[in-house]
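Asks: missing the sequence, but the structure's below:
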């Protein structure tokens, strides 16, 4: 059975150099958009954990209150830790 991935690989290897450059450029742009989307979703999730559950992913603990989170957690960003 031939998978879609194998067909994509076969199509890539049969392309001319110029076609490969366009294909790789399009793929790169697609992956950059996907990466930006995933980063935004991750930030949204981390903020939701902080706001709704008083949980800091980077500290690795849930605080009793928002005040305890603010007092004990160095910040919302990974660089703060």
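Replies: Nice, thanks for sending it over. Computed from a predicted model, the values in this text were never measured in an experiment.

Asks: C-alpha from now on. contacts and neighbour counts both.
Replies: Will do.

Asks: which stretches of the chain aren't confidently modelled?
Replies: Low-confidence segments of the chain, defined by pLDDT under 70: 1-10, 12-13, 15.

Asks: Return the distance of the residue most central in space within it relative to residue 74.
Replies: Centroid check for the chain by C-alpha atoms, centre = their mean gives residue 38 as the closest residue, at 3.3 Å. Distance of residue 38 to residue 74, given as C-alpha to C-alpha, to the nearest Å: 24 Å.

Asks: for the lengthiest helix in the chain, packing partners?
Replies: Among the segments of the chain that qualify as a helix by DSSP state H, the longest is helix 17-53. Secondary structure elements in contact with helix 17-53, counted by 3 or more C-alpha pairs under 8 Å, 6 or more residues apart in numbering; DSSP states H and E, are strand 55-56.

Asks: Residue 55 - how many residues pack around it?
Replies: Using other C-alpha atoms under 10 Å, residue 55 has 22 neighbouring residues.

Asks: OK, contacts around it?
Replies: 49, 61, 62, 63, 69 (C-alpha atoms under 8 Å, 6 or more residues apart in numbering).

Asks: Kindly present the residues you listed as JSON lines, with separate columns for distance to residue 33, neighbour count and secondary structure.
Replies: As requested, these are exported to JSON lines (distance: C-alpha to C-alpha, whole Å; neighbours: other C-alpha atoms under 10 Å; DSSP: H, G, I helix; E, B strand; the rest coil):
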{"residue": "49", "distance to residue 33": "25", "neighbour count": "15", "secondary structure": "helix"}
{"residue": "61", "distance to residue 33": "32", "neighbour count": "12", "secondary structure": "strand"}
{"residue": "62", "distance to residue 33": "32", "neighbour count": "16", "secondary structure": "strand"}
{"residue": "63", "distance to residue 33": "34", "neighbour count": "19", "secondary structure": "coil"}
{"residue": "69", "distance to residue 33": "33", "neighbour count": "22", "secondary structure": "helix"}
